[in-house]
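J.: Sequence plus predicted model, see below.
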Amino acid sequence: MRAIFFLLFLLLFVPMAFPSDVNLAWDASVSPNIAGYKVYVGTVTRTYGAPIVIGNQTTYTVTGLGPGTYYFAVTAFNAAGDESDFSNEVNTTLTGWVQSVNLAIQTGPDIVQLNVSSVSSTAATIVWATTADCSGTVLYGTDPSRLLAVMANNLGTTDHLVVITGLTPRTHYFYKAHSVCGEKPLESPIRSFNTK
């Protein structure tokens with residue numbers, strides 16, 4: 001009887017933690033060819049666990065969260081695996097009951113359609129586009145940690161082209177595009193090409 005009373009006491013007077021769900025929603029990215037989104041969750045600001053990869057949808061429910069403070073952010077990615085910057089971060093403190101949070105993703109601008117063309121033994125042309133008017137620079141070199149910069153334009157356009165000259169024949173080069181849109185800097189992933 002004493003054991004039953006103690007069990008009833010625990011059930012009635014000890015607070016219980018129930019898993020909570022957080023409903024996230026964001027604006028679709030303006031970048032073309034979006035393959036999906038990645039939802040990031042963490043218990044420390046801007047420090048997240050492995051992303052939750054979802055399809056091309058703009059809502060997601062994170063389930064099974066215990067009490068505590070959680071931080072959320074979203075990125076977009078394309079079919080090539082290129083990933084956008086993090087969205088703004090939102091957070092909520094869960095008390096053990098279901099709560100909702102709306103998350104708005106930064107919709108741009110973004111670097112898109114980065115390609116190398118007209119590769120010869122001593123030159124290559126790098127082209128890319130931005131989803132807003134931006135200036136542009138290409139960084140290139142044989143060591144991905146030490147890249148040189150070549151200015152594309154400062155006119156603030158959406159189409160960018162850089163011709164890199166003075167390259168060494170039969171050499172593997174790395175490159176990436178860097179654009180500034182207003183006050184926001186953008187940088188593409190590093191890619192590579194081989195001269196002839």
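T.: Received, thanks. Residues are numbered from 1 along each chain as shown.

J.: Please count neighbours and contacts with C-alpha atoms only from this point.
T.: OK.

J.: Please enumerate the helices of this structure.
T.: 2-13 (DSSP state H).

J.: quick one: the strands in it?
T.: 20-25, 34-42, 52-54, 59-65, 68-78, 90-94, 99-100, 111-117, 123-143, 146-165, 172-181, 184-187, 191-194 (DSSP state E).

J.: Could you tell me the average pLDDT over the third one, please?
T.: Along strand 52-54, the predicted local confidence has a mean pLDDT of 95.

J.: Using TSV, lay out the strands of the chain together with mean neighbour count.
T.: Formatted as TSV, the strands of the chain follow (neighbours: other Cα atoms under 10 Å):
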stretch	mean neighbour count
strand 20-25	19
strand 34-42	21
strand 52-54	14
strand 59-65	15
strand 68-78	21
strand 90-94	16
strand 99-100	14
strand 111-117	17
strand 123-143	20
strand 146-165	16
strand 172-181	21
strand 184-187	15
strand 191-194	15
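
J.: Looking at the ones you listed, which is nearest to Ser84?
T.: Ser84 lies closest to strand 68-78 among these, at 5.3 Å (Cα to Cα).

J.: And for the closest one, what's in contact with it?
T.: Outside strand 68-78, the residues that touch it by Cα atoms under 8 Å, 6 or more residues apart in numbering are 29, 33-46, 48, 83-95, 103, 105.

J.: how about a cut-off of 7 Å?
T.: 29, 33-45, 83-95, 105 (Cα atoms under 7 Å, 6 or more residues apart in numbering).

J.: can you check stretch 147-160 too?
T.: Under Cα under 7 Å, 6+ apart, the answer for stretch 147-160 is 127-141, 161-162.

J.: hang on, the earlier thing: and the strands of the chain, which one averages the lowest pLDDT?
T.: Among the strands of the chain, strand 99-100 scores lowest, with a mean of 66.

J.: Touching, Ala35 and Ala79? I think so.
T.: Yes. Using Cα atoms under 7 Å, Ala35 is in contact with Ala79, at 5.4 Å.

J.: quick check: domain ranges of this structure?
T.: Domain assignment for the chain by automatic domain parsing gives 14-100, 111-194.

J.: What's the local residue count around Pro144?
T.: 16 (other Cα atoms under 10 Å).

J.: ok, the spatially closest residue to it that is not a sequence neighbour to Ile54 distance?
T.: Spatial nearest neighbour of Pro144, chain neighbours left out: Phe174 (5.8 Å); criterion: Cα to Cα, 6 or more residues apart in numbering. As defined by Cα to Cα, to the nearest Å, Phe174 lies at a distance of 30 Å from Ile54.
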